[in-house]
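Undergrad: structure for this input, please:
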Amino acid sequence: MSITLKDFWEQGRGRLSLELVTGENALKRPVEEKAINRPGLALTGFFQYFAQRRLQVFGLAEFTYLKSLDSDERVSRLRGIFEKNIPGIVIARNRNPLPEFLTLAEEYSVPLFRTTMITSHFINESTLLIEELTAPRGRVQGTMLEIMGVGVLLQGKAGIGKSETALSLIERGYCLVADDVTEVVRDSRERVVGYANELTRYHMEIRGVGIVHVPSLFGVAAIRRESELDLVIELHPYQHDREEERTGIKPSEIEILDAKFPYYSLPVSPGRDMANIVEATALNHKLKTLGHDAAKELDEKVIGSFLRRAGA
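TA: Numbers count the residues shown, from 1 in each chain. Here you go, the predicted structure:
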């Protein structure tokens with residue numbers, strides 16, 4: 001996913017203490033790489049490995065070096081950088097741009113920013129921001145909860161009881177992440193993280209009751225702003241002629257944002273405590289991640305018992 005300087009500017013002006021000095025009309029320039037570049041070697045005229053597709057940051061060292069040159073030499077050194085069609089320039093430590101910066105920025109239509117942050121902090125924070133903005137993201141139908149540290153996405157047709165099941169789990173002390181629709185993003189560590197839309201965050205729709213505000217009813221401990229996704233559970237109406245999973249030795253998988261997750265399909269029928277079953281499914285998954293797989297252990301015991309009897 002590619003972004004433009006406009007995206008970077010709009011999302012980072014507060015977080016990165018950014019000020020747009022000039023180049024508002026050129027904010028459509030793309031930011032093609034996540035990393036940030038300090039053009040120290042380029043200022044000396046060495047461009048063999050110059051990262052021209054990256055946002056360029058001028059810190060104390062670059063500024064001090066430029067100020068040691070006369071005006072004509074500064075223009076020559078800076079022009080070599082501007083000619084590479086760089087996306088933009090950021091001046092750190094809230095320093096006032098040298099006149100040559102302003103002249104060349106306007107000449108080459110390159111946006112020029114300024115930040116109050118020191119150079120190293122700006123590079124770290126802006127790299128994180130660009131990774132967040134370029135991360136694959138999407139939207140999936142379902143209610144997401146965090147159960148004992150396990151991120152669970154509840155799916156199923158409208159009216160099947162997702163929100164009611166989630167409400168029962170919240171009453172047991174677990175946490176709501178998103179109701180009905182969950183936003184998902186794959187971060188730099190390849191985790192898929194779920195969160196709620198800003199407008200509906202911390203709210204739930206309970207049929208027959210309406211919209212409720214979860215932290216007002218159950219306290220702030222009953223919500224999570226986001227959670228890593230670990231497994232997907234689909235609720236479906238019970239059918240007599242449908243063969244359900246009985247052992248769980250080979251669970252199904254579902255793909256979300258090119259990542260695969262364990263997938264469980266649970267039948268819903270009158271009198272069946274779905275909150276209890278979802279809770280058990282989540283805790284059983286947690287045990288599996290810790291190396292304790294009940295289904296495989298029982299299977300091995302049965303096979304071992306059979307072999308012992310056959311040998312006898």
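Undergrad: for Arg54, which non-adjacent residue is closest in space?
TA: Asn37 (4.0 Å; CB to CB, 6 or more residues apart in numbering). Every residue, glycine included, has its C-beta placed from N, CA and C.
Undergrad: which residues does the one you found contact?
TA: Phe50, Ala51, Arg54, Leu55, Gln56, Val57 (CB atoms under 8 Å, 6 or more residues apart in numbering).
Undergrad: restricted to strands, list those.
TA: In this view, the contacts of Asn37 that belong to strands under DSSP state E are Leu55, Gln56, Val57.
Undergrad: highest neighbour count among those residues?
TA: Leu55 (26 neighbours; other CB atoms under 10 Å).
Undergrad: show me what that one is bridged to.
TA: Listed by DSSP bridges, the beta-bridge partners for Leu55 are Ile36.
Undergrad: helices along this protein, start to end?
TA: 5-12, 40-43, 60-67, 71-82, 99-108, 119-134, 162-171, 214-218, 274-289, 294-311 (DSSP state H).
Undergrad: next, format those helices as JSON lines and append mean pLDDT and mean neighbour count.
TA: Converted to JSON lines, the helices of the chain look like this (pLDDT from 0 to 100; neighbours: other CB atoms under 10 Å):
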{"stretch": "helix 5-12", "mean pLDDT": "94", "mean neighbour count": "19"}
{"stretch": "helix 40-43", "mean pLDDT": "94", "mean neighbour count": "17"}
{"stretch": "helix 60-67", "mean pLDDT": "94", "mean neighbour count": "14"}
{"stretch": "helix 71-82", "mean pLDDT": "95", "mean neighbour count": "16"}
{"stretch": "helix 99-108", "mean pLDDT": "95", "mean neighbour count": "16"}
{"stretch": "helix 119-134", "mean pLDDT": "93", "mean neighbour count": "17"}
{"stretch": "helix 162-171", "mean pLDDT": "94", "mean neighbour count": "21"}
{"stretch": "helix 214-218", "mean pLDDT": "95", "mean neighbour count": "15"}
{"stretch": "helix 274-289", "mean pLDDT": "92", "mean neighbour count": "17"}
{"stretch": "helix 294-311", "mean pLDDT": "62", "mean neighbour count": "11"}
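Undergrad: closest to Val150 out of those?
TA: Evaluated with CB to CB, those place helix 274-289 nearest to Val150, the distance being 4.5 Å.
Undergrad: show me what the closest one is packed up against.
TA: Counting contacts by 3 or more CB pairs under 8 Å, 6 or more residues apart in numbering; DSSP states H and E, helix 274-289 is packed against strand 143-147, strand 150-156, helix 162-171, strand 231-237, strand 259-268.
Undergrad: which of these sits closest to Ile123?
TA: With CB to CB as the yardstick, what comes closest out of the helices and strands packed on helix 274-289 is strand 259-268 (28.6 Å).
Undergrad: out of the helices of the chain, nearest to Arg186?
TA: Comparing those by CB to CB, helix 119-134 comes nearest, at 10.5 Å.
Undergrad: mind putting the helices and strands packed on helix 274-289 in CSV, distance to Ala92 included?
TA: Formatted as CSV, the helices and strands packed on helix 274-289 follow (distance: least, CB to CB, whole Å):
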stretch, distance to Ala92
strand 143-147, 38
strand 150-156, 37
helix 162-171, 45
strand 231-237, 44
strand 259-268, 36
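Undergrad: just the closest of the contacts of Asn37 to Trp9, please.
TA: Relative to Trp9, and with distances defined as CB to CB, the nearest of the contacts of Asn37 is Leu55, at 10.9 Å.
Undergrad: no more questions from me, cheers.
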